[in-house]
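Trainee: need coordinates for the below:
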Amino acid sequence: MEKWEGKVSSTVRGTRADEIWPLFKDFFNLHKWFPTLSTSYGIHGINGVPGCIRYCLGNSINATNSVSWSKERLIAVDEVNMSLSYEIVDSNIGFNSYVSTIRIIPVIADTGNGCVIEWCFTVDPVQGLTFEDLLRKYQVGLHKMVKTMQHSLHTEGSN
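Mentor: Model (predicted):
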């Protein structure tokens, strides 16, 4: 069976990669940043350590369910290159054989510090969705997540 492989990215201006990275590495607390999650929490292991598992609950990415849940295992963390990979080990969203990698890439430009967040995924085709629909959902989700992270970092920085 052919897999869907996608990549979305978002440029973060005025926020350094080393400010954004800890927010992603806080694996158990994705709900703080991802717009469609109502909760996420650790159910196994130590937060941010490969092998740990989080439970996520939120609005469904797939029209066949009104509420979606997943159990996701952190499989790799690369502190130097600011990347992490995780897989879905169980869910009701129709994601089979799902692996995702998020990378934070520092960018230094004339306009100041910034970074690019890349979110890559590989998954078996998802019933009820087209690849383009799934890619669009990821892009919208990443964009909203970046705005929430920036707002939080700049609000904390001004206090």
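Trainee: can you tell me the element Ile20 falls in?
Mentor: helix 17-25 (DSSP states H and E).
Trainee: give the rounded mean pLDDT of that helix.
Mentor: Averaging pLDDT along helix 17-25 gives 94.
Trainee: now it: buried residues?
Mentor: 17, 19-21, 23-25 (16 or more other C-beta atoms under 10 Å). For glycine as for every other residue, the C-beta is placed from the backbone atoms N, C-alpha and C.
Trainee: let's have the residues you listed in TSV, adding distance to Val116.
Mentor: As requested, these are exported to TSV (distance: C-beta to C-beta, whole Å):
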residue	distance to Val116
Ala17	9
Glu19	14
Ile20	10
Trp21	12
Leu23	15
Phe24	13
Lys25	17
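Trainee: out of those residues, which comes closest to Leu135?
Mentor: Phe24 (19.9 Å; C-beta to C-beta).
Trainee: name the nearest residue to that closest one, sequence neighbours excluded.
Mentor: With sequence-adjacent residues excluded and distances taken as C-beta to C-beta, 6 or more residues apart in numbering, Phe24 is closest to Ile102, at 5.6 Å.
Trainee: and for Asn81?
Mentor: Asn81's closest residue in space is Arg103 (C-beta to C-beta, 6+ apart), at 6.8 Å.
Trainee: wait, is that neighbour part of a helix?
Mentor: No: using DSSP: H, G, I helix; E, B strand; the rest coil, the secondary structure at Arg103 is strand, not a helix.
Trainee: neighbours around it, how many?
Mentor: Neighbour count for Arg103, taken as other C-beta atoms under 10 Å: 21.
Trainee: kindly provide the distance from it to Ser68.
Mentor: 25 Å (C-beta to C-beta, to the nearest Å).
Trainee: for this protein, which segments count as helices?
Mentor: Taking DSSP state H to define them, one finds helices in the chain at 17-25, 131-158.
Trainee: dump the residue contacts of the closest residue to Leu84 other than its chain neighbours.
Mentor: The shortest distance from Leu84 to any non-neighbouring residue, by C-beta to C-beta, 6+ apart, is to Val77 (4.9 Å). Under the criterion of C-beta atoms under 8 Å, 6 or more residues apart in numbering, the neighbours of Val77 are 25, 48-50, 83-84.
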